[in-house]
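Chemist: Following is a predicted model, sequence given first.
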Amino acid sequence: MLPEVVLSDARQAIPVHDFGLGDGGVERRLRELSFHPEDGCVTPGGVHVACRAVGVKLKFPSGRELLVAPDGALHLRSGEAAGPYRAGLELMLGDGSTVRVTLAQGRSDRVRDVLVSAGKRALQPWRRGKPAKKSTSVKHWSGIRVACCGDGGDLYRPMAIGPLVVLDRILVPKERLAETPRERLVLLTDPIRRSLARMPRQHRETDAPVRRAVAAIAAVADRGEMIFPGGAALRRAEHDRLRWLLGGGFELQLDADKAGKPRLQLFAGQSPLPMVEWLLSASTAAYMLNPRRDQLGKRWHGNGTRLPVAVPALQVRDYLSELPHALEVIRRIKH
């Protein structure tokens, strides 16, 4: 069975290979991003980005070819298609580079601009509907992003809710359908571990139940890399709930059925109550469950611990309706 959840140690940007869905069809030995002698650009991992008025074609070292058509549709050479994304999109490649295609459906020259970037270097092989050879700066992108996984032709749309990256498969070669999951969740462990380490400093009460709860969280934080090991694929703990096994006998549960923000919960083994809950959003916060019996109506103790913003480029955006999209993907995993 293909894993539903993988863990990643990524911080500001997440590489495609951390999705656990292959290397993206690129070469392992990287070079400098450069213009192709005949047409377009060659990315550090050897992907040739060829630009024409009839579309932008990506030729991967694996042999896979992907076409972004002028109407925004994505086509594989084997015939499968997805989209259209009429305003264009940004493709995330396995070598860390991105290919940004801007389209203008109301013009005769619909392929307007192509920008290929790797790190701080950016090249523009197509500008204002014509071939170009221009070095430029990396600019903000407010449109849709798609990750090229597998051999370059397994396409997923990544949408992050705080430290949880939700992947929705949008295109895959027919012969690879059984080998690629329709959905995947990627949990970023760094902000999770850091919130656990900070939490004890916010709860300094001398009340015995609070001290015990804080000591338990501090012990989890000290073993964070063992409990949340980067690169791990998590196995389901239960069939009827989104609950997975972590290291050290701990379990992780995702609750996205209730109104409001989805909750990520950490359990000590099969305990009926979580130790910590993370309310997932662009400003995710971690909360310690209230251990005091004289405050039974109060779910959490004290204020939440804010998490650093993870992978800001992938956080869900309201104007693209990405939060409802991501929540629907999570519900599909459950059912």
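Modeler: Here it is on my side, so go on.
Chemist: Surely residue 137 touches residue 123?
Modeler: No - under the criterion of Cβ atoms under 8 Å, residue 137 is not in contact with residue 123, lying 10.9 Å apart. The C-beta positions use only the backbone N, C-alpha and C, and glycine is treated the same way.
Chemist: more crowded one of those two?
Modeler: Neighbours were counted for residue 137 and for residue 123 using other Cβ atoms under 10 Å; residue 123 has more, 22 against 9.
Chemist: who's in contact with that one?
Modeler: 33, 34, 35, 41, 115, 116, 117, 133, 134, 135, 136 (Cβ atoms under 8 Å, 6 or more residues apart in numbering).
Chemist: quick one: the residue nearest to residue 244 when sequence neighbours are not counted and residue 171, what's the gap?
Modeler: Closest residue in space to residue 244, ignoring its immediate chain neighbours: residue 234 at 3.8 Å, by Cβ to Cβ, 6 or more residues apart in numbering. The spacing between residue 234 and residue 171, counted by Cβ to Cβ, to the nearest Å, is 26 Å.
Chemist: Quick check: the spatially closest residue to residue 128 that is not a sequence neighbour vs residue 81, distance?
Modeler: Counting by Cβ to Cβ, 6+ apart, residue 112 is the residue found nearest to residue 128 once chain neighbours are left out, at 6.4 Å. Between residue 112 and residue 81 the distance is 21 Å, computed by Cβ to Cβ.
Chemist: Could you check which of these two has the larger neighbour count?
Modeler: residue 112 (17 against 12).
Chemist: these two touch, right, the more buried one and residue 130?
Modeler: No - using Cβ under 8 Å, residue 112 is not in contact with residue 130; the gap is 9.7 Å.
Chemist: one step back: quick one: mark the members of the contacts of residue 123 that sit in strands.
Modeler: 34, 35, 41, 115, 116, 117, 133, 134, 135, 136 (DSSP state E).
Chemist: Specify which member of those residues is nearest to residue 4.
Modeler: residue 117 (31.5 Å; Cβ to Cβ).
Chemist: Can you name the residues bridging to residue 286?
Modeler: As for beta bridges, residue 286 partners with residue 278, residue 305 under DSSP bridges.
Chemist: In this structure residue 180 contacts residue 168, no?
Modeler: No - counting by Cβ under 8 Å, residue 180 does not reach residue 168; the two are 11.9 Å apart.
Chemist: State the number of residues packed around the closest residue to residue 111 other than its chain neighbours.
Modeler: Once flanking residues are discounted, residue 111 sits nearest to residue 70: 5.4 Å by Cβ to Cβ, 6+ apart. Applying other Cβ under 10 Å, we find 22 residues neighbouring residue 70.
Chemist: Repeat that for residue 183.
Modeler: So residue 183, with other Cβ under 10 Å, has 18 neighbours.
Chemist: can you offset everything so residue one is 33?
Modeler: Okay, residue one is now 33; in that scheme the one you just asked about reads as residue 215.
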